[in-house]
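Asker: Can you look at this prediction? I've put the sequence above it.
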There are 2 protein chains.
Amino acid sequence: MPATPRRDLAAMIVPLGRALTAAELPLLHDHGLTMWAYSVLLRLDDRPLRSQAALAEAIGADKTRIIDVLADLEERGLISRTSDPADRRVRLLALTPEGHRVRTAAQSAIQSREDRLLARHLTPAQRTTFLEALATLSTLPPDTLTTP
Amino acid sequence: MPATPRRDLAAMIVPLGRALTAAELPLLHDHGLTMWAYSVLLRLDDRPLRSQAALAEAIGADKTRIIDVLADLEERGLISRTSDPADRRVRLLALTPEGHRVRTAAQSAIQSREDRLLARHLTPAQRTTFLEALATLSTLPPDTLTTP
DNA sequence: TAGATCGGTACGCATGTGCTTATCGTGTGC
DNA sequence: GCACACGATAAGCACATGCGTACCGATCTA
C-alpha cells in the first residue's frame, strides 16, 4: 500500500490561514484595528454580550489580556461597556454605531480582497463548494475534531 | 448594498487549522514526534535538502531554532546530516529508512483521522472539491495573497 | 449578617518564538 | 595568500501569549 499522496489537511490549512492573516493585517491597520480588536468587533456584531470573560472565550483570547483591548475600543467610542443593572458585577458589551461602521468598513475591505483571490484561482463551482465545506467544518463543535 | 453575510475566510480557516493541529498533536506524540520534527520529516520526504537554512525557510521555522530539532532527529537515527563533499560548510539532510518509516506511520494515523472527519461531515463531491480547492490555494506563491 | 462566590482587573512567571550578534570552520574572489 | 562572504551554531534580548495568583467590589446564600 503506497503512502497517501495528498498533504495533511493541517499542513495545507495552517499556512493558508497564516498567509490570509498576514494579508489582512495591513487592511486592519488602515482602519486602526489590531487583530484582537477586529475579533472583538466581529463577535459583538452578532449580538451584545454579557461579561468580558464570555467574550474572551468566544474569540479564543485570554480574559486577562483583552482588558486593554476593550479599554482602548471603549475610549475610541467603538464599543460600550456598561454595568448590568441586574448584576453590577458584569459588563454589558455592545457595538456603538461608530463601532459598527468601522467593523463593516474593515470587513468589506477584507472580504473584497478574499473574493478577488477566490475568483482568480477557483472556478465559481469550486468557490461555492469550498466555502460551503469550510463553513461546515469551521462550525463543528471543538470536540468533534479532538476526540473521534 | 448589505454587509456580506459570510464570515471572513481567515476567521474560518485559522480556528479550523488550530483545531486540526490540536487533534494531530497526540497522534504525533504517540510516534515520538513534535510538530516541528514532523514538519522536518514531511519536508525531507520530498527530496533531501542542501543546507539547514533552506529547510528552516521551507517549513516556516527559525533557522537558529531547528538546530536542536535536527540534532535530536539525527541522534535518534531518523535523519542523516552529512557534510556536502562539494562544500563542506553545508549539511546534506535526508531521511533515513527508519525516519521514512516513522514519517509514514505518523502520517497514516493523521490522514486516517482526517479522512474519517471529512467523510462524516462532507459529501463525497464536497470532499473532492474541497481538497482540490484547498490544494490550489495552499500552493499559491506567498506574494499572491499579500500583494493583490 | 457573615462567609463564600463571582466578574473584572492587575501583576508576575514561564514559555515559545523572532531577531540580532558573535564565533568558528570553510570557500571564494581579488 | 589574504580579506571577505557564507553556513552552522550558540547566546542574548524582546515581545506576545498562557497561566496562576491576588485583590476589589458586588452578589448570593446559609
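Answerer: Everything's here; your move. This one's a predicted model, so the numbers in the text were calculated from it and none came from an experiment. Residues are numbered from 1 along each chain as shown, chains lettered A, B, ... in the order given.

Asker: does stretch A:82-102 come close to chain B?
Answerer: No: Stretch A:82-102 is not in contact with chain B by C-beta under 8 Å from any C-beta of the partner chain; minimum separation 9.4 Å. For every residue, glycine as well, the C-beta is placed using N, CA and C.

Asker: Pull out the buried positions in that stretch.
Answerer: For stretch A:82-102, burial by neighbour count (16 or more other C-beta atoms under 10 Å in any protein chain shown) applies to A:90-93, A:95-96, A:99-100, A:102.

Asker: Find the nearest non-adjacent residue to A:L78, please.
Answerer: Sequence neighbours aside, A:G99 is the residue nearest to A:L78 in space, at 3.5 Å (criterion: C-beta to C-beta, 6 or more residues apart in numbering or on different chains).

Asker: What pLDDT does the model give that neighbour?
Answerer: Among the per-residue scores, A:G99 holds a pLDDT of 95.

Asker: quick one, what contacts A:L118?
Answerer: Residues in contact with A:L118 (C-beta atoms under 8 Å, 6 or more residues apart in numbering or on different chains) are A:127, A:130-131, B:9.

Asker: So which of those are in strands?
Answerer: Residues of these located in strands (DSSP state E): none.

Asker: And the furthest pair within these?
Answerer: Spanning the widest gap among the contacts of A:L118 are A:R127 and B:L9, at 11.1 Å by C-beta to C-beta.

Asker: Spatially central residue in chain A, please.
Answerer: Nearest to the geometric centre of chain A sits A:S39, at 4.4 Å (C-alpha atoms, centre = their mean).

Asker: Adding neighbour count, distance to A:V14 and pLDDT, write the contacts of A:L118 out as JSON lines.
Answerer: Below are the contacts of A:L118 laid out as JSON lines (neighbours: other C-beta atoms under 10 Å in any protein chain shown; distance: C-beta to C-beta, whole Å; pLDDT from 0 to 100):
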{"residue": "A:R127", "neighbour count": "16", "distance to A:V14": "21", "pLDDT": "96"}
{"residue": "A:F130", "neighbour count": "23", "distance to A:V14": "17", "pLDDT": "96"}
{"residue": "A:L131", "neighbour count": "19", "distance to A:V14": "19", "pLDDT": "96"}
{"residue": "B:L9", "neighbour count": "26", "distance to A:V14": "14", "pLDDT": "93"}
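
Asker: any idea which of these is the one closest to A:S108?
Answerer: Taking C-beta to C-beta as the measure, A:S108 lies nearest B:L9 of these, at 13.8 Å.

Asker: unless I'm mixing things up, the closest one is touching A:L20, no?
Answerer: Yes: between B:L9 and A:L20 there is a contact under C-beta atoms under 8 Å: 5.6 Å.
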